[in-house]
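1. Got a sequence here, can you model it:
(one chain, ligands or ions: 1)
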Amino acid sequence: MQINFSFVLKYSAAVAAILFMNACLPSPNPDPGSSVEPESGANTSVDFGKTKGGESTEIYTLKNKNGLIVKVATYGATLVELHLPDKDGNFVDVLNGFDDVSGYEGEDNQYFGCTTGRVCNRIAKGKFTLDGKEYTLATNNDPNHLHGGEGKALSKQVWKAESATDAQAVTFSITTPDGEEGYPGNLSIKVTYTLTDENELRIDYEATTDKATPVNLTNHAYFNLAGSGSGTVLDHELTLNADKYTPTDDTLIPTGKIESVEGTPREFRTSRGIGEGIPDKEATKTEDCKTAPKGYDHNFVLNGNAGEQRLAARLKDPKSGRVMEIYTDQPGIQFYSGNFLKGQKGKGGKVYPFRGAICLETQHFPDSVNHDNFPNTILKPGETYKTTTVHKFSAQ
Ligand code: BGC
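-> Next comes the predicted model:
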């Protein structure tokens with residue numbers, strides 16, 4: 001009999017990984033403050049309220065066999081709740097958000113958990129030229145365009161939901177028409193959230209167009225692994241798999257240079273407390289953080305090959321032991337340390353203070369459409385935009 005050693009090795013590694021994961025994640029002890037009923041069936045949708053324009057919205061619940069719970073809403077294809085256990089099995093929701101759609105439509109919402117686009121982050125002065133034609137977009141982050149624009153950005157629209165039969169995934173779809181928010185081409189997008197029994201939240205994006213257009217999609221979740229609304233994240237420990245970053249001007253537009261993180265506050269190649277790199281924790285402007293006036297707001301250039309899944313970031317809350325690893329095929333990740341959070345109230349009256357959460361947005365580089373040396377963000381007719389980001393959770 002012939003033994004397939006590579007299969008045996010792979011199989012043993014998989015079994016070991018599952019045993020290790022179960023050892024790392026203690027038995028569930030559901031979040032007492034949450035409205036979630038863990039025994040209820042996964043992937044059920046409930047009313048999330050009507051938008052100001054009278055559109056109905058829904059929220060879907062995904063649950064895995066270890067008790068992890070994810071809630072996603074049709075408004076902005078938004079990640080609303082994520083319940084994770086600490087090292088003793090106590091669950092909390094680790095995401096900033098609101099109780100219903102009205103909060104997401106209000107001015108306290110700073111893109112909490114949404115699908116961001118059609119182009120995430122900034123486009124300088126809201127202008128780009130494609131195939132000889134100049135396009136003008138909203139400058140909603142004066143003087144620049146931010147996160148796809150104003151009222152019709154993807155984060156502000158109601159998406160169509162389609163739940164999968166395995167009850168651990170939901171797909172949102174939308175077509176944003178030619179000219180909407182100033183962008184060319186009818187762009188059809190699908191975003192699928194999947195919660196696996198390996199304690200991963202996987203986000204798959206797909207898009208096609210009928211005219212060349214820039215596309216750069218990400219999720220804008222604000223994480224606080226100690227529990228959302230439980231203070232700042234300055235003691236969270238972060239590792240970024242990035243030797244380089246893209247420096248910016250004072251308006252957070254990349255200069256076009258790609259520089260080493262070595263010897264700068266952007267050095268996160270080995271795990272470091274987030275607060276350590278912000279010399280004066282209350283500073284509004286410091287020498288070290290001069291391009292991010294209140295903390296981190298930088299695009300890091302991920303090591304390894306874009307297009308291949310690899311580790312991008314690892315975040316740990318030392319007190320609860322909760323750990324999140326992010327894997328992606330994207331070339332960059334925006335590390336944003338909640339610099340513009342303003343103590344607004346969110347879910348269940350929780351308060352989200354300055355630096356009270358961290359965003360780790362996998363992406364192509366900001367303003368790529370105006371920098372030929374950055375990886376391409378133009379999608380052409382006949383091509384399919386495809387990207388996947390995986391968040392893997394454990395507790396130690
Ligand atoms: C940007 C920040 C912005 C934040 C909230 C991040 O992706 O990099 O500059 O303030 O989103 O909109």
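2. what's the burial count for N144?
-> 21 (other Cβ atoms under 10 Å). Every residue, glycine included, has its C-beta placed from N, CA and C.
3. Would you mind listing what in this structure touches the ligand?
-> Q110, Y111, N121, L252, D297, Q334, Y336, F340, C359, E361 (Cβ under 6 Å from any ligand atom).
4. Could I get the phi/psi values of the residue nearest to the fifth one when sequence neighbours are not counted?
-> The shortest distance from D297 to any non-neighbouring residue, by Cβ to Cβ, 6 or more residues apart in numbering, is to Y336 (5.0 Å). Taking degrees, to the nearest 10, you get phi -120, psi 120 for the backbone angles of Y336.
5. Against the ligand, how distant is the residue lying closest to K244 once chain neighbours are set aside?
-> Excluding its sequence neighbours, the residue lying closest to K244 (Cβ to Cβ, 6+ apart) is V301, at 4.1 Å. Separation of V301 from the ligand (Cβ to the nearest ligand atom, to the nearest Å): 15 Å.
6. How about the contacts made by V301?
-> Contact analysis of V301 by Cβ atoms under 8 Å, 6 or more residues apart in numbering lists A242, D243, K244, Y245, T246, I258, P331, G332, F365.
7. May I have the predicted confidence score for it?
-> For V301, the pLDDT comes out at 98.
8. Look up the residues forming beta bridges with the residue nearest to D297.
-> Beta-bridge pairing for Y336 (DSSP bridges): D297, C359.
9. Report pLDDT for the closest residue to the ligand within the stretch 151-300 of the chain.
-> Here the stretch 151-300 of the chain gets closest to the ligand at one residue, D297, 4.6 Å apart by Cβ to the nearest ligand atom. On pLDDT, D297 comes in at 94.
10. number of nearby residues for it?
-> D297: 21 neighbours (other Cβ under 10 Å).
11. give the contact list for it.
-> Counting by Cβ under 8 Å, 6+ apart, the residues that D297 touches are L252, T291, Q334, F335, Y336, S337, N339.
12. least confident pick among these?
-> Taken together, these show their lowest pLDDT at T291, with 46.
13. Could you count how many residues lie near T246?
-> For T246, using other Cβ under 10 Å, the count is 23.
14. Now do it against V215, distance only.
-> The gap separating T246 from V215 is 19 Å, by Cβ to Cβ, to the nearest Å.
15. circling back: make sure the residue nearest to D297 is actually in contact with P366.
-> No - with contact defined as Cβ atoms under 8 Å, Y336 does not reach P366; the gap is 11.2 Å.
16. okay, these two: which has more neighbours?
-> P366 (29 against 23).
17. For that one, list the residues it contacts.
-> C120, N121, R122, I123, T246, T248, L252, I253, P254, N299, Q334.
18. Point out the ones among the residues you listed that are inside strands.
-> R122, I123, T246, N299, Q334 (DSSP state E).
19. just curious, which of those is nearest to T74?
-> Checking these against T74 with Cβ to Cβ, the nearest one is Q334 at 24.8 Å.
20. count of neighbours near that closest one?
-> Neighbours of Q334 under the rule other Cβ under 10 Å: 22.
21. Which is the succeeding secondary structure element to the lowest-mean-pLDDT helix or strand in the chain?
-> Using mean pLDDT, DSSP states H and E, helix 5-24 stands out as the lowest-scoring helix or strand of the chain, at a mean of 37. Using DSSP states H and E, the helix or strand that follows helix 5-24 towards the C-terminus is strand 45-50.
22. buried sites along that following strand?
-> S45, F48, G49 (16 or more other Cβ atoms under 10 Å).
23. show me the contacts for the closest residue to I203 other than its chain neighbours.
-> Closest residue to I203 apart from its sequence neighbours, by Cβ to Cβ, 6+ apart: T389 at 5.0 Å. T389 makes contact with R202, I203, T218, N219, I326, Y327, T328, D329, Q330, T362, according to Cβ under 8 Å, 6+ apart.
24. Ok, D372 next?
-> So D372 contacts nothing (Cβ under 8 Å, 6+ apart).
25. quick one: secondary structure of it?
-> Three-state call for D372 (DSSP: H, G, I helix; E, B strand; the rest coil): coil.
26. okay, it: pLDDT?
-> Confidence at D372, expressed as pLDDT, is 97.
27. about what we covered before: tell me how far the residue of the stretch 151-300 of the chain closest to the ligand lies from L146.
-> As judged by Cβ to Cβ, D297 and L146 stand 12 Å apart.
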